[in-house]
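Undergrad: Quick one: sequence and predicted model below, then my questions.
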Amino acid sequence: IMRGFTDIFIENATTPENNRTDFFTLILQAGWNLIGNPYTVPISWEATRKSGVGPVKGFKNGSYANGDVLNPYEGGFVYSTALTDVKVRFQGITSGGRYAAVGSDLSQTSWELPIHIHQGELGNQVAGIGMNEKASLDIDDYDDYNPPPLSNRVEINFKTPKAIVAKNVVPTQENYSWKFEAVAEGNDPVKISWDNQSFGNNSRELYLVDEEEQIVINMRSQQEYRFEARGSRAFTIHFGENIRDQVKPSITLLGNPFPNPSSQKVKIPFNIAETAVKSRVRVEIYNAQGMLVAQLLDGEYSAGYYSVDWNLSETDLQSGMYFCSMISVDKNGITSHQSKKIIIFR
């Protein structure tokens with residue numbers, strides 16, 4: 001096998017006879033279009049696109065991401081809401097800067113936060129949330145779509161009344177909650193990440209809630225969240241000022257003890273649903289023979305997120321499998337009984 005350069009000749013092939021005052025016209029169909037740079041010099045897609053035409057999406061190093069400059073022979077996916085045409089502009093020649101970039105300062109009337117999702121070697125950097133005074137709750141130019149998958153889907157989907165989008169920018173308001181689904185079709189663990197360095201010195205907050213595990217993440221203090229892949233998982237992002245106490249669990253749930261296995265101390269999270277208001281809760285530990293070996297708590301708890309520690313250094317229990325049991329009875333007398341396995345090793 002030899003590697004090197006060679007000349008390739010295509011009979012009757014020509015390059016477009018366009019210049020900086022006579023641009024190439026590109027026809028876009030409604031839906032997804034796979035486009036390419038029609039010139040032998042770089043082009044700027046952000047200077048080219050117009051209302052109803054989305055950013056150009058490239059696939060590189062296993063990840064989809066929005067871009068701008070397309071070099072000669074480069075291409076990408078573009079979504080158009082209708083049949084239309086655009087004048088393809090050279091890099092450096094703009095059409096007035098319709099799409100001004102905004103930051104992620106949560107105190108501003110217009111802000112956007114990109115959200116990335118990765119699984120193994122695959123990723124997607126198209127998703128995000130935001131607010132803008134000119135945005136609507138319907139689909140508009142501030143929203144964005146996931147491109148066609150090239151292998152297993154790894155993407156974030158926000159469901160709106162008219163479409164499923166990857167990026168959801170809504171009108172500026174004091175409080176808002178985004179619900180989305182994280183889709184990861186592979187077998188590797190999944191990571192959702194964001195950059196919180198520019199949230200600004202203000203009291204506005206963002207909390208990410210894993211609806212399956214009922215785990216709450218302060219997006220100001222953490223920049224990522226990892227979970228095991230199960231096809232898809234539901235999440236909610238809450239935005240507002242000093243809202244931590246307003247974020248309540250949607251279900252009563254005994255969480256996964258961690259670390260597990262353990263030899264020292266195990267933290268056992270549990271939640272009481274907002275609809276339960278107040279519940280009587282009992283958390284106990286049983287051995288494999290069904291014998292009670294520890295009672296960790298027994299009391300009344302209002303709706304919220306809690307945890308209790310099981311300090312193994314204070315016990316003489318042997319290595320093996322144990323069961324954490326949580327029984328809760330709400331104000332209406334409805335009883336919930338849940339259990340989780342815990343492995344002890346000495």
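TA: Cool, got the structure.

Undergrad: List the buried residues for the host helix or strand of Ile343?
TA: For Ile343, the host element (DSSP states H and E) is strand 335-344. For strand 335-344, burial by neighbour count (16 or more other CB atoms under 10 Å) applies to Ser336, Lys340, Ile342, Ile344. Using the backbone N, CA and C atoms, a C-beta is placed for each residue, glycine as well.

Undergrad: do the same with stretch 245-256
TA: For stretch 245-256, by 16+ other CB under 10 Å, it's Val247, Lys248, Pro249, Thr252, Leu253, Leu254, Gly255, Asn256.

Undergrad: Now do the same contact list for Ile268.
TA: By CB atoms under 8 Å, 6 or more residues apart in numbering, the residues touching Ile268 are Leu254, Gly255, Pro257, Val283, Leu296, Ser307, Val308, Asp309, Trp310, Cys324, Lys340.

Undergrad: Let me know the closest of the residues you listed to Arg204.
TA: Among the contacts of Ile268, Ser307 lies closest to Arg204 (CB to CB), at 26.5 Å.

Undergrad: Would you mind listing the residues in contact with the closest one?
TA: For Ser307, the contact set (CB under 8 Å, 6+ apart) comprises Gly255, Lys267, Ile268, Pro269, Phe270.

Undergrad: partners of the one helix or strand it maps to, with directions?
TA: Using DSSP H and E, Ser307 maps to strand 304-311. Take DSSP bridges as the rule and strand 304-311 pairs in its sheet with strand 265-272 (antiparallel).

Undergrad: From what I see, Phe345 and Met321 are in contact.
TA: No. Contact criterion CB atoms under 8 Å: Phe345 and Met321 do not qualify, at 10.6 Å.

Undergrad: picking that back up, lowest-confidence one in the contacts of Ser307?
TA: Minimum pLDDT across the contacts of Ser307 is recorded for Gly255, with 90.

Undergrad: The closest residue to that residue other than its chain neighbours bridge partners, please.
TA: Of all residues beyond its chain neighbours, the one nearest Gly255 is Pro269 (3.4 Å), with distances taken as CB to CB, 6 or more residues apart in numbering. Pro269 has these beta-bridge partners by DSSP bridges: Ser307.

Undergrad: Can you give me every residue that contacts Pro269?
TA: By CB under 8 Å, 6+ apart, the contact set of Pro269 is Gln214, Ile215, Leu254, Gly255, Asn256, Pro257, Tyr305, Tyr306, Ser307.

Undergrad: on that earlier part again, show me the two of the contacts of Ser307 that sit farthest apart.
TA: Among the contacts of Ser307, the pair separated by the greatest distance (CB to CB) is Lys267 and Phe270, at 10.6 Å.

Undergrad: No more questions from me, cheers.
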